[in-house]
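Engineer: My questions are about this predicted structure, shown below with the sequence.
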Amino acid sequence: MSTPPTNGTVAGAETSASASNPVLDAVDATAARAFEGYVVRKDLVRRFKGQYPVPTYVIEFLLGRYCASTDPADIAEGLAIVERQLGNRTVRAGEEELFKHKARDAGTVKILDIIAARLDAKSDTYVAELPSLRLKDVRIDDQLVKDNDRMLTGGFYAEVELEYDAAIAQENGGRPFGVRSLREIQLSTRDVLETLSEGRKTFDVEQWKTFLIRSIGIEPSALSERARDVMLLRMVPFVERNFNAVELGPRGTGKSHLFQQVSPYAHLVSGGKATVARMFVNNANGQRGLVCQYDVVCFDEISGVSFDQKDGVNIMKGYMESGEFSRGKESIRADGGIVMVGNFDVDVSHQQRIGHLLGPLPPEMRNDTAFMDRIHAYVPGWDAPKLSRALFTDHFGLVSDFLSECWSQLRNQSRVSTMHGRVQLGGALSGRDTTAVQKTVSGLLKLLHPDPEDTVPDESLEWAVRLALESRRRVKEQQKRIGSAEFRNTQFSYHMGNDGVERFVVTPELQSQDGIGGDPLDPGQVWAISPGGQDEGTGLYRLEVTEQPGSGVKILNQPVPAPFRESAKMGEQNLYARAKELVGDRDPRAHEFSLQLRAFDAAKSGAGLGVPVLMALSSALLGKSLRGGLVVVGALNLGGSIDPVYNAVAVAELAIEKGATTLLAPVSCRRQMVDLSDDMAAKIDIRYYTDARDALLKALAD
C-alpha cells in the first residue's frame with residue numbers, strides 16, 4: 001500500500017523546482033497540491049529502470065512508499081531507501097545461489113520477484129515458483145494461494161519473505177524453501193476514487209490530459225495532438241470492462257509499455273502458443289484463466305500468436321462478444337479485456353495497397369470479418385512516435401499503483417448515459433458499431449472525468465465521440481476491404497443535440513490531404529473545380545463557409561484574388577435573389593458568412609466558382625452536408641444563368657485524378673463528355689444540372 005508521507009508539504013514544490021532539475025511547471029504545482037503523497041517525479045523512476053530486473057510499477061511502488069513528497073530532503077532520503085531495497089531484494093543473473101545462502105544462513109530472506117504457483121497432484125499441495133532464484137518447488141500455504149489466486153495463472157510481482165528449513169532439507173524429497181509471507185505489489189486501499197475525483201477538480205481538461213500522460217512516463221509537450229490522443233486511447237481498456245482493441249504500428253513506439261510496465265492489473269502474453277486452459281479455464285482442475293484474473297490481457301507480437309486448440313479462436317471470439325465462455329457444462333463470465341498489439345513491416349499506405357490494416361494478425365483472424373466485428377477500437381499506432389529520451393517526462397505523475405487501482409475501480413462505472421439526449425449516432429452504424437462507440441466514449445470520459453457526478457462539457461463529449469467513431473470506423477474499413485457487402489456503408493456520423501448538424505468522421509489514413517474523400521464534408525464546405533481561363537489551367541479548390549448572426553459575406557483570404565471576389569459576389573447575390581427556392585424560410589440577409597478559399601493546385605485565382613460558392617453558402621445556412629465524393633463545377637452570372645464550361649473533359653479528368661466519385665456539372669457540358677475516354681468515364685458518375693436549385697438538390701447528401 002502507498003502510504004502518503006506526513007512531512008511532504010505543498011510549499012516544497014517550489015523548493016524542488018529550484019533545487020533540482022527539472023524545473024516544475026503549473027501542472028506540477030497543481031498535482032503536488034491535489035495529490036500530495038500520491039505523486040512521484042518520473043525522472044526518479046528512470047534512475048532505477050534498467051538497473052534492476054523488475055518492471056516500472058515495482059520501482060514506483062517503492063518510490064510511492066518512500067519518495068511521494070515534494071520536499072528535496074525527503075526525496076533524497078527516500079531514494080537512498082529505495083536504492084537499498086532494490087539492491088538487497090532483487091536477484092540479478094548469477095546471484096541465485098547467494099540469495100539461497102542468505103536464506104539458509106539467516107533463516108529468511110526478502111526478495112522482489114514474480115511468484116507463481118501450481119498444484120502438485122502427487123502430494124496434493126501447492127508449490128510456488130520464484131523464477132529469479134530458479135526455484136520451482138517452494139512450499140506455500142494453501143490459504144496464501146486462495147487469497148492470491150492470480151499466482152495460478154502466470155503469477156504477479158510481490159515482496160516475498162522466503163524461509164529455509166534445514167530439517168526439511170534432510171528429508172527424502174523434502175522442500176526446504178517455503179514462502180513465509182508475501183505482499184502484493186499493488187495498492188490495497190479501496191477509497192482511491194474519492195481521492196482521484198477530488199484532485200481532478202483542480203485541473204482543467206487540457207491540464208488533466210497532460211497529467212495523465214505524464215503519469216505513464218511520457219511527456220505530452222513532446223507529442224503532437226494526434227499522438228496524445230493515441231496515448232489516451234491506450235488507457236481505455238484499463239477503465240472499461242470487456243474492451244477489445246487492436247493497435248498495430250511501427251516498432252519501438254511503446255505499444256506494450258502500459259501492459260507490461262505500468263499496471264499489475266494487466267498481463268502481457270508474448271508471441272507463441274496461447275493455451276485455452278491458461279486463457280479461459282483449465283478443465284482438469286476448474287482453475288479460471290487470465291481473462292478472469294486480470295483487467296486486461298494483451299497479446300504482444302500478435303502475428304506470432306496461435307492457440308493450442310482448433311476452437312481457441314472461436315472461444316475467444318465468443319468471449320469478446322459476450323464476456324462469457326463455456327467449457328464443459330458451465331458458462332463462465334469474466335470482464336478482462338482483450339488487446340492485440342503488433343508491428344507493421346511496411347508503412348500504412350503500402351499496407352493498404354497490398355491488403356488491409358489487420359493483415360498482420362494471425363491467419364485464422366486476419367480475414368475473419370466476424371472476429372473483426374468484436375474489436376471495439378483500432379488504435380492508430382503509426383501516429384505514435386518512436387520512444388526516445390526526449391519523450392520521457394521529468395515531471396510529476398501519479399504513482400503507478402495508485403493510478404492502476406483507480407483505473408481498476410473505474411471499471412465498475414459507466415458513462416454511456418452521458419451520451420443520452422446529447423449525441424445521436426448516424427444511420428451507418430450497426431448495433432455492434434454503436435456498442436463499440438459507446439464503450440470507447442465511456443472509457444475516454446472516465447479517464448477525463450473520473451467523478452460520475454461531474455458535468456461533462458460538450459467539448460469533452462464531442463472529442464470522445466469523434467475519437468471513438470474514428471477508432472471503430474477503422475475496423476469497419478478493413479471489413480469493407482475484404483469485400484463483404486454488409487460492411488459497405490462506412491460513413492460514420494453524429495449529431496450533437498436534437499437540432500445539431502450532422503458531422504462525418506473519417507479515418508485520416510484513408511484521406512489524402514489534397515484529394516477528395518468519399519465522406520461528406522461538414523456543412524458549408526464543398527470541393528470545386530475552376531475551369532480556368534487564358535492565363536490559368538483547371539484547379540481544385542475547397543470552399544469553407546461558416547455562418548453567424550449578422551449580414552454580408554466576408555472573405556477570409558488576404559489578399560483576395562479578384563476573380564474569386566467576383567465568384568463570391570455572384571454566389572451571394574444569387575442566394576439573396578433565390579432564397580425562397582434554395583433555403584426556404586431562412587433569411588440569408590440576417591446571417592454573416594465567412595468564406596475561405598483553399599487551393600490545391602497551381603491555379604490560385606478562384607475564377608468561375610459561382611455555383612460552388614452558392615452551394616457552400618446554402619449548405620451552411622441549411623446546416624446540411626453535401627454528398628461525399630462530390631466536386632462541383634460551374635460559373636454564375638447576376639441573372640442566375642449558368643456560364644458554359646469550354647474544357648469539360650479536362651475538368652472531368654482532374655476530378656477523377658483527385659479522387660472524386662461524382663462530378664456535378666452544367667448540362668451544357670453533356671456533349672463534350674462524349675470525348676471522355678471509356679476508362680475515365682467508368683470511374684466517375686457525372687450528374688448534370690439545369691439551374692442553381694437543381695444543382696443544390698442534386699448536391700445535398702441523402
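Structural biologist: Happy to help now that I have it.

Engineer: which parts of the helix ranked longest in the chain are buried?
Structural biologist: Using DSSP state H to define each element, the chain has its longest helix at helix 458-482. For helix 458-482, burial by neighbour count (16 or more other Cβ atoms under 10 Å) applies to 460-481. (Each C-beta comes from the backbone N, C-alpha and C, glycine too.)

Engineer: avg pLDDT for it?
Structural biologist: In this model, helix 458-482 has an average pLDDT of 94.

Engineer: now swap in stretch 227-234 and tell me
Structural biologist: The model assigns stretch 227-234 a mean pLDDT of 96.

Engineer: Phi, psi for Leu700 please.
Structural biologist: phi -60, psi 140 (degrees, to the nearest 10).

Engineer: Which residue is the nearest non-sequential neighbour of it?
Structural biologist: Leaving aside its chain neighbours, Leu700 sits nearest to Lys624 (5.7 Å; criterion: Cβ to Cβ, 6 or more residues apart in numbering).

Engineer: Please apply the same query to Asp43.
Structural biologist: Asp394 (4.1 Å).

Engineer: roughly how far apart are that neighbour and Ser404?
Structural biologist: Look at Asp394 and Ser404: by Cβ to Cβ, to the nearest Å, they are 22 Å apart.

Engineer: Quick check on those two: which one has the bigger neighbour count.
Structural biologist: With neighbours defined as other Cβ atoms under 10 Å, Asp394 and Ser404 compare such that Ser404 has more, 24 against 17.

Engineer: what about that one, which helix or strand?
Structural biologist: Under the criterion of DSSP states H and E, Ser404 resides in helix 400-410.

Engineer: Give me the contacts around whichever helix or strand comes after that helix.
Structural biologist: Downstream of helix 400-410, the next assigned helix or strand under DSSP H and E is strand 423-425. The contact list for strand 423-425 (Cβ atoms under 8 Å, 6 or more residues apart in numbering) reads 433-434, 437, 461-462, 465, 469, 492-496, 498, 500.

Engineer: Now do strand 423-425: distance to the chain's middle.
Structural biologist: Between the centre of strand 423-425 and the centre of its host chain there is 20 Å, according to Cα atoms, centre = their mean, to the nearest Å.

Engineer: how about the residue nearest to Ala603 when sequence neighbours are not counted, phi and psi?
Structural biologist: In this structure, Ala603 finds its nearest non-sequential neighbour in Gly539, 2.5 Å apart by Cβ to Cβ, 6+ apart. Backbone torsions for Gly539, taken as degrees, to the nearest 10, come to phi -160, psi 150.

Engineer: Gly539: how many residues sit nearby?
Structural biologist: For Gly539, the count of nearby residues is 21 (other Cβ under 10 Å).

Engineer: Using CSV, write out every CA atom in stretch 456-465.
Structural biologist: Output of stretch 456-465 as CSV, limited to C-alpha atoms (Å, rounded to 0.1, in the frame of the first residue of the first chain):
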residue,chain,number,x,y,z
VAL,A,456,-19.1,16.6,-18.9
PRO,A,457,-18.7,19.7,-21.2
ASP,A,458,-19.8,19.4,-24.8
GLU,A,459,-16.2,19.8,-25.9
SER,A,460,-15.0,16.8,-24.0
LEU,A,461,-18.0,14.7,-25.1
GLU,A,462,-17.5,15.6,-28.8
TRP,A,463,-13.8,14.9,-28.6
ALA,A,464,-14.6,11.4,-27.2
VAL,A,465,-17.3,10.7,-29.7
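
Engineer: just for the stretch 551-700 of the chain, where's the confidence low?
Structural biologist: Of all residues in the stretch 551-700 of the chain, none has pLDDT under 70.

Engineer: Show me where it has its strands.
Structural biologist: Ranges of strands in the stretch 551-700 of the chain, per DSSP state E, counting those that start in this stretch, are 552-555, 591-599, 630-632, 635-636, 642-643, 662-666, 685-689.

Engineer: hmm, back to that, OK, contacts around the residue nearest to Leu700?
Structural biologist: Lys624 neighbours (Cβ under 8 Å, 6+ apart): 501-502, 523, 700-701.

Engineer: With Pro563 instead?
Structural biologist: 533, 605-608.

Engineer: Find the nearest non-adjacent residue to it, please.
Structural biologist: Leaving aside its chain neighbours, Pro563 sits nearest to Ala607 (3.6 Å; criterion: Cβ to Cβ, 6+ apart).

Engineer: List the contacts of that neighbour.
Structural biologist: Ala607 neighbours (Cβ under 8 Å, 6+ apart): 530-533, 536, 563-564, 566-567, 635.

Engineer: of all those, which comes closest to Gln85?
Structural biologist: Phe564 (70.6 Å; Cβ to Cβ).

Engineer: Tell me how many other residues crowd the closest one.
Structural biologist: Quick note: Phe564 (other Cβ under 10 Å) scores 24 neighbours.

Engineer: pretty sure Glu364 contacts Val313?
Structural biologist: Yes. Glu364 is within contact range of Val313, at 4.9 Å (criterion: Cβ atoms under 8 Å).

Engineer: doesn't Ser530 make contact with Ala650?
Structural biologist: No. Between Ala650 and Ser530 there is no contact under Cβ under 8 Å: 11.2 Å.

Engineer: Do you know the pLDDT at Ile115?
Structural biologist: The model's pLDDT for Ile115 equals 92.

Engineer: Enumerate every residue touching the nearest residue to Asp165 once chain neighbours are set aside.
Structural biologist: Excluding the flanking residues, the one nearest Asp165 by Cβ to Cβ, 6+ apart is Pro176, at 5.3 Å. Neighbouring residues of Pro176 by Cβ under 8 Å, 6+ apart: 164-166, 168-169.

Engineer: Between Ala650 and Ser530, tell me which one has more neighbours.
Structural biologist: Ser530 (29 against 17).

Engineer: Look up how far Asn498 lies from that one.
Structural biologist: Distance from Ser530 to Asn498, by Cβ to Cβ: 39 Å.

Engineer: Let me know whether Asp149 touches Gln293 as I believe.
Structural biologist: Yes. Counting by Cβ under 8 Å, Gln293 is a contact partner of Asp149 at 7.1 Å.

Engineer: what do those two both touch?
Structural biologist: Common neighbours of Asp149 and Gln293 (Cβ under 8 Å, 6+ apart) do not exist.

Engineer: higher neighbour count, those two?
Structural biologist: Looking at Asp149 and Gln293 with other Cβ under 10 Å, you find the greater number of neighbours at Gln293, namely 20 against 14.
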